[in-house]
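1. 3D model of this:
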Amino acid sequence: LFLGCELTARTKSYTFQVDEEDHSDHILALSVVCLTDGAKDECNVVEVVGRNHENQEIAVPVANLKLSCQPLLSLDNFRLQPPVTFRLAAGSGPVHLAGWHRIVHREDASFEEDDDLSEEVEEELAPIMPAKK
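-> Residues are numbered from 1 along each chain as shown. Predicted structure coming up:
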């Protein structure tokens, strides 16, 4: 699935979240952040707001765009864990964000089978011996 949103002076933030009851793994990747038609030659700072391992909110700037010098930034599929908020911390935009969202469905039975197979493979491998000098 493709993600896309636009941040402007009127819409300063966009939150991507998943259903809390969904037990699938969700991968959200940010690919491109760019200024679009109507942008002024000003600094537009885009932040990603999420939670750290202690469940504290943290905001990290990921792009500082200016029409005259850097109107586009490729983030090479910067991966994030939902829920995440994209916020226009400075500037008036419009800034377009594009990326993708992948859902990986977990099945408990398949994980157990994979564990059993990995143990069998480990047992079959010969131990590594030190080289003779």
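
2. contacts for stretch 4-23, please.
-> With contact meaning CB atoms under 8 Å, 6 or more residues apart in numbering, stretch 4-23 is reached by 3, 26, 28, 36, 46, 49, 82-88, 92-99, 101, 106. For glycine as for every other residue, the C-beta is placed from the backbone atoms N, C-alpha and C.

3. number of nearby residues for Glu57?
-> 9 (other CB atoms under 10 Å).

4. distance of it from Thr15?
-> Relative to Thr15, Glu57 is positioned 12 Å away (CB to CB, to the nearest Å).

5. correct me, but Pro61 touches Val49?
-> No - contact between Pro61 and Val49 fails when scored by CB atoms under 8 Å: they sit 10.5 Å apart.

6. okay, those two: which has more neighbours?
-> Val49 (16 against 12).

7. name the helix or strand for the closest residue to the more buried one other than its chain neighbours, please.
-> Closest residue in space to Val49, ignoring its immediate chain neighbours: Thr85 at 4.1 Å, by CB to CB, 6 or more residues apart in numbering. Taking DSSP states H and E as the definition, Thr85 sits inside strand 84-90.

8. buried subset of the contacts of stretch 4-23 as a ChimeraX selection?
-> Typed into ChimeraX, the line below selects the buried ones among these, using 16 or more other CB atoms under 10 Å:
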select :3,26,28,46,49,84,85,86,87,88,92,93,94,95,96,97,99
